[in-house]
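*Asks:* Give me a 3D structure for the following:
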Amino acid sequence: MKTALITGANKSIGLETARQLLQQGFQVYLGSRDLDKGREAAAQLKAQGLQHVEAIQLDVSDDDSVRAARTTIGAKTTALDVLINNAGINGGMPQSPISAGMDQFKKVFETNYFGVIRVVQAFFGLLRESPQPRIVMVSSSAGSLTLQSDPTWKYYQHKGAVYHPSKSALNMYTIDLAFELLGTSFKVNAVDPGFIKTDFNGHRGTGSVEEAAKRIIKYALIGPEGPTGKFFSEETNPETGEIPW
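*Replies:* Sure, this is the predicted structure:
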């Protein structure tokens, strides 16, 4: 049975992504900063007949938590097939480049950027044991420098000096990681799930979590000939999905 770890998976897009991977026959480790909430989410999935799920305490902004999660999962499996870096925070509003405080920047980057690096580095050994390891970075088209500088882009007026740069940094890490792993069986891609109606944006989104999860797991399930080191947003580019960095 293939295995997957999803960070920030106790609700919204992360939880639905877990559900869809379970339906694909995966054993899913459901990462949750609050273990009780993670266990409640796992119980919800099990009540739907999806039994191969386990909640793992995982706060991506905390070194000790990430190390403990690696130890816990490493005691249960010898390989990890899929890592979905979904955990993220928006940092609150407003996000003016002039008035946003340094604490605001640091808190967002600690989760959205440094947190991803922590998890990737901690779990790389387990991923390397998979015959076809996949890493999916849940990013945002808002982190695209090309789109954000294009006045014709439909979200051009929506700026966020804290959250958006955290995703731009994540995108650059995705490029570097994919490059380092060229010639191996790894596939590493960034995926924008779209403008989805969740707590994250005060339910102002227009898409569903089901749509978002489907877009994410598409790149968790790609075969050996699939892309790596690419940025995808099917909402932005319905034809091929690929968008500019």
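*Asks:* now the helices for the chain?
*Replies:* For the chain, helices defined by DSSP state H occupy the ranges 12-23, 35-47, 63-74, 102-109, 115-128, 145-148, 163-180, 209-220.
*Asks:* Among these, pick out the one with the most neighbours on average.
*Replies:* Mean neighbours per residue, mean count of other C-beta atoms under 10 Å, is largest over the helices of the chain for helix 12-23, with a mean of 24. Bear in mind the C-beta positions are built from the backbone N, C-alpha and C, glycine included.
*Asks:* and it, how far out from the chain's middle?
*Replies:* Chain-centre distance of helix 12-23: 12 Å, with C-alpha atoms, centre = their mean, to the nearest Å.
*Asks:* Please work out the angle formed by the directions of that helix and helix 209-220.
*Replies:* Between the axes of helix 12-23 and helix 209-220, defined by axes from the mean of the first three to the mean of the last three C-alpha atoms, to 10 degrees, the angle is 60 degrees.
*Asks:* Against which helices or strands is helix 12-23 packed?
*Replies:* Contacts defined by 3 or more C-beta pairs under 8 Å, 6 or more residues apart in numbering; DSSP states H and E place helix 12-23 against strand 3-6, strand 27-32, helix 35-47, strand 82-85, helix 209-220.
*Asks:* Need the CA coordinates for it. CSV is fine.
*Replies:* Output of helix 12-23 as CSV, limited to C-alpha atoms (Å, rounded to 0.1, in the frame of the first residue of the first chain):
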residue,chain,number,x,y,z
SER,A,12,-10.5,22.2,4.3
ILE,A,13,-8.4,21.4,1.3
GLY,A,14,-6.0,19.2,3.3
LEU,A,15,-8.7,17.0,4.7
GLU,A,16,-10.4,16.6,1.3
THR,A,17,-7.0,15.8,-0.3
ALA,A,18,-6.6,13.1,2.4
ARG,A,19,-10.1,11.8,1.5
GLN,A,20,-9.4,11.5,-2.2
LEU,A,21,-6.0,9.8,-1.6
LEU,A,22,-7.7,7.3,0.7
GLN,A,23,-10.2,6.6,-2.0
